[in-house]
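S.K.: predicted model and sequence below, questions to follow.
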Number of protein chains: 2
Amino acid sequence: MLEAENAFERGEVPVGCVIVDGQSGKIIAQASNRTEELDDPTAHGEMLAIRDAAKSVGSARLPGCDLYVTLEPCPMCAAAISFARIRRVYFGAYDPKSGGVDHGARIFEQSSCHHKPEVYGGINETACGEMLKTFFRQKR
Amino acid sequence: MLEAENAFERGEVPVGCVIVDGQSGKIIAQASNRTEELDDPTAHGEMLAIRDAAKSVGSARLPGCDLYVTLEPCPMCAAAISFARIRRVYFGAYDPKSGGVDHGARIFEQSSCHHKPEVYGGINETACGEMLKTFFRQKR
């Protein structure tokens, strides 16, 4: 939530992400959306956190790690989560318009998806969703 | 193809990508797969080329640009292509196992996909496919 608030304050769509070592509970990466700031359409919070975590672990795979994010991941992020072999995904608000886990491409349900994490959606859903709603209301 | 050969020589899955300004025909970014080298599960050729092109253009969107890649994009890259508003995608070999354009998640066919580029698959398919086959044969 704090990471999402950081993005909100920077004028970015407020989505925040944390990656945690499942054994120690230690945070190994945290990031929020920076697509505007970085001029980078791939700079969603999950992508930045995965890249950062993989770099700090020294491997493109993060099999013991769990990912927390305030919004249902889009198909890009869901596929990256699968490539990274993330163990569990906990997300906040559901995203019927652009989500790729429980909606749309349903990345983890595809037979071409070679690693499917455990997924827990709707965690702290109201607070996560309210922040996004407030952001888009102010943008209009 | 040259970018894919570069990846091959570095021991990476040989997929190469070029992004071209559709008006001038000028190459604005070119990259190949670097997932192993960078310890980055998101470092597919398309992702690196999109990030580079967006940076050089100074915008997260590349609406006048066309993307050429030797292999059918995976769902992660296809979603990034959509976010970047790429105009046309030309790809080489089809990828029934992991592709996300004509197979699996079929990203551009989802109603949650907000921008669908024109797609031309199977361009120079045999040569692109042969390089991948040779690579995986040597890996075994």
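M.R.: Okay, I see it.
S.K.: nearest residue to the middle of chain A?
M.R.: Centroid check for chain A by CA atoms, centre = their mean gives residue A:46 as the closest residue, at 3.6 Å.
S.K.: now whichever strand or helix holds that one, how far from the chain's geometric center?
M.R.: Of the helices and strands defined by DSSP states H and E, residue A:46 is found in helix A:45-57. Relative to its chain's centre, helix A:45-57 lies at 11 Å (CA atoms, centre = their mean, to the nearest Å).
S.K.: so who does the residue nearest to the centre of chain A touch?
M.R.: Going by CB atoms under 8 Å, 6 or more residues apart in numbering or on different chains, residue A:46 touches A:17, A:31, A:67, A:69, A:73, A:77, A:80, A:81. C-beta here means a position set from N, CA and C on the backbone, and glycine is covered the same way.
S.K.: wait, does the strand or helix carrying the first one contact chain B?
M.R.: Using DSSP H and E, the secondary-structure element containing residue A:17 is strand A:16-21. No - in this structure, strand A:16-21 remains apart from chain B according to CB under 8 Å from any CB of the partner chain; the gap is never smaller than 12.2 Å.
S.K.: for that strand, which helices and strands make contact with it?
M.R.: Counting contacts by 3 or more CB pairs under 8 Å, 6 or more residues apart in numbering or on different chains; DSSP states H and E, strand A:16-21 packs against helix A:2-9, strand A:27-32, helix A:45-57, strand A:65-71.
S.K.: would you mind getting the angle between it and strand A:65-71?
M.R.: With axes from the mean of the first three to the mean of the last three CA atoms, to 10 degrees as the basis, strand A:16-21 and strand A:65-71 are set at 170 degrees to each other.
S.K.: could you pull up the mean pLDDT of strand A:16-21?
M.R.: When pLDDT is averaged over strand A:16-21, the result is 96.
S.K.: what angle do that strand and helix A:2-9 make?
M.R.: 150 degrees.
S.K.: kindly export strand A:16-21 (C-alpha atoms) in CSV.
M.R.: Extracted C-alpha coordinates of strand A:16-21, given in CSV (Å, rounded to 0.1, in the frame of the first residue of the first chain):
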residue,chain,number,x,y,z
GLY,A,16,2.6,-1.0,-5.6
CYS,A,17,4.4,-4.3,-5.4
VAL,A,18,6.6,-6.1,-2.8
ILE,A,19,8.6,-9.3,-3.3
VAL,A,20,9.3,-11.3,-0.2
ASP,A,21,11.6,-14.3,0.5
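S.K.: ok, residues contacting that strand?
M.R.: A:1-7, A:26-33, A:44-46, A:48-50, A:52-53, A:62, A:64-70, A:86.
S.K.: any idea of the angle the lowest-mean-pLDDT helix or strand in chain A forms with strand A:27-32?
M.R.: Of all helical and strand segments in chain A, the minimum by mean pLDDT, DSSP states H and E falls on helix A:2-9, at a mean of 86. Angle of helix A:2-9 versus strand A:27-32, following the same axes, to 10 degrees, is 20 degrees.
S.K.: now do the residue nearest to the centre of chain A against residue A:88, distance only.
M.R.: As defined by CB to CB, to the nearest Å, residue A:46 lies at a distance of 13 Å from residue A:88.
S.K.: residues shared between the contacts of these two?
M.R.: By the contact definition CB under 8 Å, 6+ apart, residue A:46 and residue A:88 are jointly contacted by residue A:67.
S.K.: what's near enough to touch residue A:120?
M.R.: So residue A:120 contacts A:88, A:89, A:90, A:91 (CB under 8 Å, 6+ apart).
S.K.: switch to 7 Å and redo it
M.R.: Contacts of residue A:120 were listed using CB atoms under 7 Å, 6 or more residues apart in numbering or on different chains, and they are A:88, A:90.
S.K.: cool, and residue A:64?
M.R.: A:21, A:22, A:23, A:87.
S.K.: and these, which of them are buried?
M.R.: Among the contacts of residue A:64, those scoring as buried are A:21, A:87 (criterion: 16 or more other CB atoms under 10 Å in any protein chain shown).
S.K.: from the contacts of residue A:64, pick the one nearest residue B:138.
M.R.: Using CB to CB, residue A:87 comes nearest to residue B:138 of the contacts of residue A:64, at 31.5 Å.
S.K.: kindly export stretch A:55-64 (C-alpha atoms) in CSV.
M.R.: Taking Å, rounded to 0.1, in the frame of the first residue of the first chain, the C-alpha atoms of stretch A:55-64 are listed here in CSV:
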residue,chain,number,x,y,z
LYS,A,55,19.3,-8.9,-9.9
SER,A,56,19.7,-9.0,-6.1
VAL,A,57,19.4,-12.8,-6.0
GLY,A,58,21.6,-13.2,-9.0
SER,A,59,19.2,-15.4,-10.9
ALA,A,60,16.4,-14.9,-13.4
ARG,A,61,14.3,-17.3,-11.3
LEU,A,62,12.8,-16.6,-7.9
PRO,A,63,11.3,-20.0,-6.9
GLY,A,64,11.1,-19.3,-3.1
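S.K.: having no further points to raise, I will conclude here.
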